[in-house]
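Turn this into a structure:
(one chain, ligands or ions: 2)
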Amino acid sequence: MHISKSFIPILKNNPSEAKIKSHQLMLRVGMIKQSSAGIYSWLPLGFKVMKKIEKIVREEQNKIGAQEILMPTIQSSEIWKESGRYEDYGEEMLRIKDRQDREMLYGPTNEELVTDIFRSSIKSYKSLPQLLYHIQWKFRDEIRPRFGIMRCREFYMKDAYSFDVTDEDALFSYNKFFLSYLKTFKRLDLTAIPMAADTGPIGGNLSHEFIILAETGESKIYADKRIFDLNFEGTKLDVKSLLEMRSQYEKFYSVTDDKFKEDEFNEKVSEKNRLKTKGIEVGHIFYFGDKYSKPMEAAVDLPGGKKDYVKMGSYGIGVSRLVGAIIEAKYDEKNEIMKWPISVAPYDIAIIPMINKNDTSALDKANKISLELNQNNIDAIIDDTDENLSSKVKKMNLIGAPYQIIIGKQTEGDLFEFKEINKETQKINLKEIIKIINKQKAQN
Ligand code: ATP
Ligand code: MG
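Numbers count the residues shown, from 1 in each chain. Ligands and ions are numbered 1, 2, ... in the order given. Below you'll find the predicted structure:
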C-alpha cells in the first residue's frame, strides 16, 4: 500500500477533544471518525486492527469447542418480557418501534435471544454441553459516552453462552472460558488479570472481570501483586487442570470497586504486595444457573426421564474496546511512538524511501521489496510522498508498524537499514528481514 493512495487521514497535532491517549492516537492517525455521540465509523487503519483482534478472539473460542453463530442486532421485546428484563434494563436499552407498532430493541446483550434459539432445538442432556458465541455490534445508550471507542454507545463485542445440565458441568464450561480469556489477552500482548466481580444486571453468583492495568482505566482495582506472576501455560482442557488453574488465581486477592473492603484487603495482603490502581475491563464472565432458562422454560430431558432447566453462563469480550486498550498499554505518548504487537499491527512493516524529484530509484526499490515481502505474507506500507525523512519516520512511528526499512543514501547493494520500531538500526538483506518478521509472527 502506498501512503499517497491510502485513506489514512493523519492530523498534524493532537485533537483537543481527546482526553486519553488511545482516543488521541485513534483520531490523530485516522483510525476512527465520530459520526454522532458515542457512535463511530471505523476507517481502514482502525478496522484492520479490530479485524485482527477479532480473528484471535475467534480462534481462541473455537479452541475450547465453542461454535460460532450470528444473531441479529435488532431483537423483539417479547423475549425480554419473558425473562423479566425488559423493564429492569432501563434507559441504556435503545427501544425502537417498527411500522406495525411492535416494540423492538437494539441488543445490548443476548442472553434472551440465545436462550430462545437453544430451547427451540435442544431437548436432551445428550446434546450438552453447548457453547455458542457470536461477534456482533451491541448498543447501550451510555449516560456519558467518553474516551472514544472505550466507552461508546455502539460497540463490537464477542459474547458467548454456555448450556449445561448440572452446576458442576457448568463450572467446567466457565473454567474453559476463563482459560481461553487468559490465552486471548496474552496473544494480544496484554496482561489481563481476572478479578472477582459483581454480576450487575446480568445477574447470578459467580463472575470475573478481566482487567488490564492503565491509569486511564475506569475500574478501580485492588490486588495482591503476586497474581501477576502466575502462569497458565500448559493447562489442559480437563476438569481437574482447569480447576487447579483457576484456584491458583483465586488464592490471591484481586477485586474491583464493588467487592472491595479495606479491612479485608489489609488483612489478606501484606503491605509490600498491595496494589491499588486503575484498569480497563476488557472481558467479563458470568455464571448464573437458571436465571434465564427458568422463566424462559429452556429445559432438557435428563437420564432418568425427568426434565430440568439448563444451567447457563455468559462470557463477553469488548473487541472494539480492545483496540483502545492495546493503545493505552503500548503507546509512548511522549515520543509519539505506537508499537503494535505484530499479531494485530495494521501493517507488519513500513518502507520509507528517500525520494528526490528526479530520482525515483529509491521508490522503485521500495516497490520491489514490498512485492517480495508480500509474497512472504508480510504486509508493507510504503511512504511514497516527497516529505523529508524525519517527518516520514514520525508519521510511521504514529501508524506503528512494528518494523521499518529506510531506503536512502546509506543503502548499499542488497543491504537495507532495517529496524524494529524504537530500536537500533541494523544493515541486513531482505532474506534476513523476512526471517526475523516471520519468526515474530509465528510466535503469535
Ligand atoms: P462496563 O463496566 O465497562 O460498563 P459492563 O460490565 O457493562 O462494562 P459487560 O456487559 O460485561 O460490560 O460487557 C462485556 C464487555 O464489553 C466489557 O468487558 C467491555 O469490554 C465491553 N463493553 C461494555 N460496555 C462497553 C461500552 N460502552 N463501550 C465499549 N465496550 C464496552
Ligand atoms: Mg462487565
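
ok, Thr166 - how many residues close by?
14 (other CB atoms under 10 Å). For glycine as for every other residue, the C-beta is placed from the backbone atoms N, C-alpha and C.

gap between the most far-flung residue of the chain relative to its centre and ligand 1?
In terms of distance from the mean C-alpha position of the chain, Asn358 ranks first, at 45.8 Å (CA atoms, centre = their mean). When distance is defined by CB to the nearest ligand atom, to the nearest Å, Asn358 is 50 Å away from ligand 1.

likewise Gln248?
According to CB to the nearest ligand atom, Gln248 stands 22 Å off from ligand 1.

Same check on Ala325?
8 Å.

sec struct for that residue, please.
Per DSSP: H, G, I helix; E, B strand; the rest coil, the local secondary structure of Ala325 is helix.

need the contact list for the closest residue to it other than its chain neighbours.
Leaving aside its sequence neighbours, Ala325 sits nearest to Ile280 (CB to CB, 6 or more residues apart in numbering; 4.8 Å). By CB atoms under 8 Å, 6 or more residues apart in numbering, Ile280 lies in contact with 150, 211-212, 214, 216-219, 321, 324-325, 328.

Please flag which of these sit within strands.
Among these, DSSP state E puts 211-212, 219 in strands.

can you pull out the helices in the stretch 101-250 of the chain?
111-121, 167-187, 239-250 (DSSP state H, counting those that start in this stretch).

Using CSV, write out every CA atom in the second one.
Translated: helix 167-187. In CSV, the C-alpha atoms belonging to helix 167-187 read as follows (Å, rounded to 0.1, in the frame of the first residue of the first chain):
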residue,chain,number,x,y,z
ASP,A,167,-23.8,-26.9,38.3
GLU,A,168,-20.6,-29.0,38.1
ASP,A,169,-20.7,-29.2,34.3
ALA,A,170,-21.5,-25.5,34.1
LEU,A,171,-18.4,-24.7,36.1
PHE,A,172,-16.3,-26.8,33.8
SER,A,173,-17.6,-24.6,30.9
TYR,A,174,-16.9,-21.5,33.0
ASN,A,175,-13.4,-22.5,33.5
LYS,A,176,-12.8,-23.3,29.8
PHE,A,177,-13.7,-19.7,29.1
PHE,A,178,-11.6,-18.4,31.9
LEU,A,179,-8.5,-20.1,30.4
SER,A,180,-9.4,-19.1,26.8
TYR,A,181,-9.6,-15.4,28.0
LEU,A,182,-6.2,-15.6,29.6
LYS,A,183,-4.8,-17.0,26.3
THR,A,184,-6.6,-14.5,24.1
PHE,A,185,-5.3,-11.5,26.0
LYS,A,186,-1.8,-13.0,26.1
ARG,A,187,-1.8,-13.3,22.3
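
thinking again about what came up before, which residues does the residue nearest to Ala325 bridge with?
Ile212 (DSSP bridges).

check which helix or strand covers the residue lying closest to Asp159 once chain neighbours are set aside.
In this structure, Asp159 finds its nearest non-sequential neighbour in Gly316, 4.9 Å apart by CB to CB, 6+ apart. Using DSSP states H and E, the element containing Gly316 is strand 311-318.

What's opposite whichever residue of the chain sits closest to ligand 1 in the beta bridge?
The nearest approach of the chain to ligand 1 comes at Gly318, 2.2 Å away (CB to the nearest ligand atom). Bridge pairing for Gly318 (DSSP bridges) gives the partners Met157.

Could you list the low-confidence segments of the stretch 101-250 of the chain?
199-204 (pLDDT under 70).

List, one by one, the residues from it near ligand 1.
109, 140, 142, 151-152, 155, 157, 200 (CB under 6 Å from any ligand atom).

switch the cut-off to 5 Å
With CB under 5 Å from any ligand atom as the criterion, the stretch 101-250 of the chain comes near ligand 1 at residues 142, 151-152, 155, 157.

Would you mind listing which of these are buried?
151-152, 155, 157 (16 or more other CB atoms under 10 Å).

Just send those back as a markdown table, with distance to Asn62 too.
Shown next, in a markdown table, are these (distance: CB to CB, whole Å):
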| residue | distance to Asn62 |
| --- | --- |
| Arg151 | 29 |
| Cys152 | 27 |
| Phe155 | 22 |
| Met157 | 17 |
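
What is the nearest of the residues you listed to Glu59?
Glu59 has its nearest neighbour among those in Met157, at 16.9 Å by CB to CB.

would you turn the residues of the stretch 101-250 of the chain next to ligand 1 into a markdown table with distance to Leu389?
Output for these, formatted as a markdown table (distance: CB to CB, whole Å):
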| residue | distance to Leu389 |
| --- | --- |
| Glu142 | 44 |
| Arg151 | 39 |
| Cys152 | 37 |
| Phe155 | 39 |
| Met157 | 42 |
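
Show me what whichever strand or helix holds Lys81 is packed up against.
Assigned by DSSP H and E, Lys81 belongs to helix 77-83. Here helix 77-83 touches strand 103-106, helix 111-121, going by 3 or more CB pairs under 8 Å, 6 or more residues apart in numbering; DSSP states H and E.

okay, those, which one's buried deepest?
helix 111-121 (a mean of 19; mean count of other CB atoms under 10 Å).

From the contact counts, what lies against that helix?
helix 77-83, strand 130-139, strand 154-164, strand 311-318.

Which stretch among these is buried most, on average?
strand 311-318 (a mean of 26).

quick check: domain ranges of this protein?
Domain assignment for the chain, taken from automatic domain parsing, gives 7-332, 347-442.

From the chain's centroid, how far away is the longest one?
Translated: domain 7-332. 10 Å (CA atoms, centre = their mean, to the nearest Å).

first vs last residue of that domain, how far apart are they?
Terminal residues of domain 7-332 are spaced 24 Å apart (CA to CA, to the nearest Å).

just the shortest one next, same as before
Length of domain 347-442, first residue to last, CA to CA: 16 Å.

model confidence over that domain, on average?
Mean per-residue pLDDT for domain 347-442: 93.

Any buried residues in the helix or strand that contains Glu267, and which?
Glu267 is part of helix 262-268 when elements are defined by DSSP H and E. Going by neighbour count (16+ other CB under 10 Å), the buried part of helix 262-268 is Phe265.

Touching it from outside, list them.
If you take CB under 8 Å, 6+ apart as the criterion, helix 262-268 is touched by 222, 224, 253, 274.
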